[in-house]
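K.L.:
show me how the following folds:
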Amino acid sequence: MSAADVVIIASGGANIASLQFALQRLGADSRVSADSEQIREASHVILPGVGAAADAMSRLRQKNLDTLIPSLQQPVLGICLGMQLLFEASEEGQAQCLGIIPGLANRFAAARGRPVPHMGWNTLSIERPNGLRAGDYAYFVHSYALPAGAATIAITQYGDPFSACVQWRNFYGAQFHPERSAKVGARLLRNFLEL
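P.N.:
Numbers count the residues shown, from 1 in each chain. Modelled structure (predicted):
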């Protein structure tokens with residue numbers, strides 16, 4: 001794939017370099033951009049995210065990307081906070097998100113032996129066929145999560161079950177970090193690039 005095929009939205013995420021390396025290992029170059037035309041013309045778009053939902057939405061609004069992203073027709077992948085931003089809202093900062101997928105991201109309830117943020121490897125349970133396998137391990141770092149719903153294609157558990165992967169029309173999401181999830185993450189990215 002050429003550099004123009006995959007655009008990573010410049011949303012202030014700290015994991016962009018490692019995501020680009022993960023894509024390079026699959027033979028896909030990418031560019032980081034907040035330019036509406038470059039995003040609209042890309043064959044695949046990735047919305048990464050690290051940080052707080054309200055801050056991330058503020059950055060997207062400043063660049064008018066909050067109206068562009070929901071209108072995209074090509075495959076779009078939200079990663080971690082980027083997945084949460086695809087939904088209607090987040091309890092984090094009472095953020096109104098992109099509103100593409102119905103649902104609200106809720107903060108994990110801390111409990112003995114279950115600190116927040118949730119950091120570590122979890123196994124996936126498959127709700128709908130998606131190229132991942134039951135029992136696959138993926139690496140998570142997050143304090144907020146989406147309950148299972150109509151868009152959920154894979155779940156995992158941290159106290160209560162939550163959405164690990166979602167799909168809604170041409171919008172896909174991974175709550176885990178594929179760039180840190182070894183072979184499972186590479187398979188998820190490869191499957192996305194092949195859409």
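K.L.:
what about N130, which SS state?
P.N.:
Three-state call for N130 (DSSP: H, G, I helix; E, B strand; the rest coil): coil.
K.L.:
which residues does the closest residue to it other than its chain neighbours contact?
P.N.:
Distances taken as CB to CB, 6 or more residues apart in numbering put I153 closest to N130, at 4.4 Å, once the chain neighbours are dropped. C-betas here are computed from N, CA, C, even on glycine. I153 makes contact with I126, E127, R128, P129, N130, C165, V166, Q167, according to CB atoms under 8 Å, 6 or more residues apart in numbering.
K.L.:
once you drop chain neighbours, what's closest to the first one?
P.N.:
Across the structure, with CB to CB, 6+ apart as the measure, the residue nearest I126 apart from its sequence neighbours is A134 (4.9 Å).
K.L.:
how much space between the most centrally placed residue in the chain and Q175?
P.N.:
Closest residue to the average C-alpha location of the chain: I79 at 1.9 Å, with CA atoms, centre = their mean. Distance, I79 to Q175, by CB to CB, to the nearest Å: 8 Å.
K.L.:
check V50 too.
P.N.:
Plainly put, V50 is 13 Å away from Q175 if you go by CB to CB.
K.L.:
again, but for E41
P.N.:
28 Å.
K.L.:
neighbour-wise, which of those two wins?
P.N.:
More crowded of E41 and Q175, by other CB atoms under 10 Å: Q175, with 29 against 12.
K.L.:
before we move on, back to that, okay, and the common contacts of V50 and Q175?
P.N.:
C80.
K.L.:
I figured R114 hits S143, correct?
P.N.:
No: in this structure, R114 is not within contact of S143 by CB atoms under 8 Å, at 11.9 Å.
K.L.:
so how far is M119 from P147?
P.N.:
20 Å.
K.L.:
rewinding a little: can you classify the residue nearest to N130 as helix, strand or coil?
P.N.:
What three-state DSSP gives for I153 is strand.
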